[in-house]
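[1] Structure here, sequence nowhere to be found:
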């Protein structure tokens, strides 16, 4: 059985493929979408997360905020896994995460019940197939 990481990583080519894999890796490391969002909330970025989950426009996050939140060790490990520079990864996550979270929460809230990781994968696959 392929992991979420493998499935997301295989959806797109080039740089986007790397970002999809990195986001999948973050989801897996934090126990799914709710765990990743909790990391942002506990890091003082609740307003950003609320805008991504809610139905309004998404507030931007900077590469510096991503780096501060995740730390050098986690970013370095993900970057190495995908052959990216940590700064490149931070910028890619800053560009991608708001829209990814927005697409993973189409009703303005976290999916309820079942395996959030699997539900998130299905929604991300649908997002990539429309792009």
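    All right, it came through fine. Bear in mind that the values here come from a model prediction, so they are computed numbers and not experimental data.

[2] which residues in this protein form helices?
    Remark: helices assigned in the chain by DSSP state H are 4-9, 14-29, 33-42, 46-53, 63-82, 86-104, 116-130.

[3] Please name whichever of those helices is nearest to residue 110.
    Closest approach to residue 110 among those (C-beta to C-beta): helix 33-42, 5.4 Å. Backbone N, C-alpha and C define where each C-beta goes, glycine included.

[4] what about the closest one, average pLDDT?
    Per-region confidence: helix 33-42 scores 90 on mean pLDDT.

[5] before we move on, what about stretch 46-54?
    So the average pLDDT for stretch 46-54 ends up being 93.

[6] which regions of the protein sit below the pLDDT cut-off?
    Across the chain, the ranges flagged by pLDDT under 70 are 1-18, 111-131.

[7] quick one: buried residues of stretch 40-57?
    Going by neighbour count (16 or more other C-beta atoms under 10 Å), the buried part of stretch 40-57 is 40, 45, 48-49, 51-53.

[8] circling back to that earlier point, in a markdown table, list the helices of the chain along with distance to residue 110.
    Output for these, formatted as a markdown table (distance: least, C-beta to C-beta, whole Å):
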| stretch | distance to residue 110 |
| --- | --- |
| helix 4-9 | 16 |
| helix 14-29 | 12 |
| helix 33-42 | 5 |
| helix 46-53 | 7 |
| helix 63-82 | 19 |
| helix 86-104 | 8 |
| helix 116-130 | 7 |
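
[9] Pick out the most distant pair among the buried residues of stretch 40-57.
    45 and 53 (12.1 Å).

[10] Skip the chain neighbours and tell me the closest residue to the residue nearest the centre of the chain.
    Centroid-nearest residue in the chain, with C-alpha atoms, centre = their mean: residue 23, separated by 3.8 Å. Spatially, and ignoring its direct neighbours in sequence, residue 23 is nearest to residue 100 (5.6 Å; C-beta to C-beta, 6 or more residues apart in numbering).
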